[in-house]
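Novice: Next come a sequence and a model predicted from it.
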Amino acid sequence: MSVMYSSITKKIWMSLMGLFLMIFLVVHLGINLLLLFDPTRELFNEVAHFMGTNPVIQMFQWVLFAGFVIHMFLGVVLQIQNWIARPKGYKVKASSEESVFSRYMIHTGIIIFVFLIIHFANFFFKAKVFHSIPEFVLDGTPTGMEDMGILVMKLFELPEYVIGYIIALLVLGFHLDHAFQSAFQSLGINHRKYTPFIKGFGHFYTIVITAGYIIIPLFIYFSK
Amino acid sequence: MDLKLKIWRQAGPDAEGKFVHYPVHNISKDASFLEMMDILNEELVANGEEPVAFDHDCREGICGMCSLYINGHPHGPDDSITTCQLHMRKFKDGETIVIEPWRAKPFPIIKDLMVDRTAFDEIIQAGGYVSINTGGVPDANAIPIKKENADLAMDAAACIGCGACVAACKNASAMLFVSAKVSQFALLPQGRVEAKRRVENMVAKMDELGFGNCTNTYACEAECPKDISIANIARMNREFLMAKIC
Ligand code: HEM
Ligand code: SF4
Ligand code: FES
């Protein structure tokens, strides 16, 4: 079906979903960082419990899920059309793109997708499908909340998880570095005064998000 | 100077093509790239071989007919010029130069380095014009136009339709070309009348012809001989979005 929509329509949806996902990344990072500031994990578990039970958030969870699906689906459709548009490539490859990352959006995207599946298996499914998470006990009293925090701490004591996570997050960073300004251009927002700011802010956003997520496993691993 | 050329040879649209090596000798560094190709072709004709087919017309950088993907760059290594304006002093003595045709599904190869760019004409026919009733010549300056818009429209109108943007793009997208054509009208009051219909029809035609989708790599802008800005692509996206929702 989506082949029926014009290239620009697909790009506009792609960028809107991408921007939405980028806002979600900020919220998710904010919650994760709570683990660093609270050794009892109480804050983190409370927020995780809230996110897992609040009806409004539960609704947004589906919006988020739809956002991912639409973004990935359109990304793959666009890419296949782009491969078809050049059946025979060049002997000498051009490299005139503004950013190298822009050449590899489908590749970084697919790696992010694989990471997402592992990520879901580690946390979401355990909590939502298998209910296999121990209860959070504070000062000897059970709290009725799942101890999501301990799950994170335990995983990040394993060096293979720490390394895998860091690689996945670097790849996400490569995706975001091109994606941020690209989303604005796709929406028709390009202005000689503001575009340099958007590009600069995109790099800043990417570094903060990537570094922010990466600090957490490193911190947990080295302070165990 | 002496050079080693590796040129894509293909006898016809459906023929199997291949790279053929041609050494050329005693080329003046002041020769233009196409003059160098002429010298090669004269040698080939003198030896009873088939000359290399390539497109060219004005040879002064204004018609958009010349093409050639030279060492990984449409219109060669120099910035902001067409292949006909490229000179051999940009190359080193003894250098190997790989010359390929534009590669894109909507630009089928006619022969050797010549491609059929009718697809661009079809996009223009889909909306790249202003409908007017013929009559007396209107007064110049009868319609006030902001200087900034006049300048931007003029910059967009500099596009010569060469197709280097498509050739450079990893997605073989024609967005820079189409957006230049949409912009040159969208910025002027005379073009506003049909603006909505124009952008919808030209984009639909571009998609139908099988050009790829833009992923904002900006390779087109870097390779365009007329320095058409990707701000035009954003303008077209804006025009398109507005046409769809309003
Ligand atoms: C948290 C995860 C993700 C975020 C925040 C994100 C964000 C973005 C944004 C903002 C864009 C630019 C859109 C535009 O220019 O219109 C983009 C492009 C792209 N994304 Fe993602 N993305 C994510 C995950 C994925 C995944 C899982 C895939 C899997 C296929 C993917 C595939 C692509 C592709 C192929 C492009 C380039 C397509 C284009 O520019 O037209 N992304 N991404
Ligand atoms: S936008 Fe530039 S590269 Fe593309 S057809 Fe026009 S002049 Fe050629
Ligand atoms: S031959 Fe006319 S632009 Fe090069």
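Specialist: Yep, it's here. Ligands and ions are numbered 1, 2, ... in the order given.

Novice: contacting residues for the most centrally placed residue in chain A?
Specialist: In chain A, the centroid-proximal residue (CA atoms, centre = their mean) is A:Leu25; its distance is 5.5 Å. Residues in contact with A:Leu25 (CB atoms under 8 Å, 6 or more residues apart in numbering or on different chains) are A:176, A:209. Glycine gets a C-beta too; all of them are placed from N, C-alpha and C.

Novice: distance of it from ligand 3?
Specialist: Distance of A:Leu25 to ligand 3, given as CB to the nearest ligand atom, to the nearest Å: 47 Å.

Novice: The helix or strand hosting that residue vs ligand 1: in contact?
Specialist: A:Leu25 is located in helix A:7-37, with elements delineated by DSSP states H and E. Yes: using CB under 6 Å from any ligand atom, helix A:7-37 reaches ligand 1 at A:11, A:14-15, A:18-19, A:21-22, A:25.

Novice: Make a PyMOL selection of the buried ones in those.
Specialist: Buried residues within the residues of helix A:7-37 next to ligand 1, by 16 or more other CB atoms under 10 Å in any protein chain shown, are selected in PyMOL with:
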select buried, chain A and resi 11+14+15+18+19+21+22+25
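
Novice: just the residues of helix A:7-37 next to ligand 1 now: which is nearest B:Gln190?
Specialist: For these, the minimum distance to B:Gln190 (CB to CB) is 28.7 Å, reached by A:Lys11.

Novice: Now do the contacts for the nearest residue to that closest one once chain neighbours are set aside.
Specialist: Nearest non-adjacent residue to A:Lys11, counting by CB to CB, 6 or more residues apart in numbering or on different chains: A:Ser186, 4.5 Å away. Neighbouring residues of A:Ser186 by CB under 8 Å, 6+ apart: A:11-12, A:14-15, B:214, B:216, B:237.

Novice: do B:Met114 as well
Specialist: Residues counted as contacts of B:Met114 (CB under 8 Å, 6+ apart) are B:53-55, B:67, B:101.

Novice: Now narrow those residues to whatever sits close to chain A.
Specialist: Restricting the contacts of B:Met114 to those touching chain A (CB under 8 Å from any CB of the partner chain) yields no residues.

Novice: Return the subset of these lying in strands.
Specialist: Secondary structure from DSSP state E places none of the contacts of B:Met114 in strands.

Novice: can you put those residues in TSV and add pLDDT and neighbour count?
Specialist: Formatted as TSV, the contacts of B:Met114 follow (pLDDT from 0 to 100; neighbours: other CB atoms under 10 Å in any protein chain shown):
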residue	pLDDT	neighbour count
B:Ala53	98	16
B:Phe54	98	23
B:Asp55	98	24
B:Ser67	97	26
B:Pro101	98	27
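
Novice: quick one, domains of chain B?
Specialist: Listed domain ranges for chain B are B:3-100, B:117-245 (source: automatic domain parsing).

Novice: The last one and chain A in contact?
Specialist: So the one you mean is domain B:117-245. Yes: applying CB under 8 Å from any CB, one finds domain B:117-245 touching chain A at B:168, B:170-173, B:203-204, B:206-207, B:210-219, B:222-223, B:230-231, B:233-241, B:244.

Novice: Out of those residues, which end up buried?
Specialist: For these, buried by 16+ other CB under 10 Å: B:168, B:170-173, B:203, B:206-207, B:210-219, B:222-223, B:230-231, B:233-241.

Novice: low-scoring stretches of chain A, by residue?
Specialist: Counting by pLDDT under 70, chain A contains low-confidence residues at A:1-3.

Novice: so where do the helices sit in it?
Specialist: For chain A, applying DSSP state H gives helices covering A:7-37, A:42-53, A:55-84, A:105-119, A:125-128, A:148-155, A:159-186, A:195-222.

Novice: just chain B next, same as before
Specialist: Secondary structure of chain B (DSSP H): helices located at B:33-46, B:118-125, B:147-157, B:164-168, B:175-186, B:189-192, B:195-208, B:219-223, B:231-245.

Novice: near ligand 2 at all, stretch B:53-60?
Specialist: No: using CB under 6 Å from any ligand atom, stretch B:53-60 stays clear of ligand 2, coming no nearer than 12.9 Å.

Novice: what comes into contact with that stretch?
Specialist: If you take CB under 8 Å, 6+ apart as the criterion, stretch B:53-60 is touched by B:32, B:34, B:37, B:63, B:65-68, B:83-85, B:110-115.

Novice: mind exporting that stretch as CSV, just the C-alpha atoms?
Specialist: Taking Å, rounded to 0.1, in the frame of the first residue of the first chain, the C-alpha atoms of stretch B:53-60 are listed here in CSV:
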residue,chain,number,x,y,z
ALA,B,53,29.5,8.3,-27.8
PHE,B,54,29.0,11.1,-25.3
ASP,B,55,26.5,14.0,-25.0
HIS,B,56,27.5,17.6,-25.5
ASP,B,57,26.1,20.7,-27.2
CYS,B,58,26.9,24.2,-26.3
ARG,B,59,30.3,23.5,-24.7
GLU,B,60,30.0,26.7,-22.7
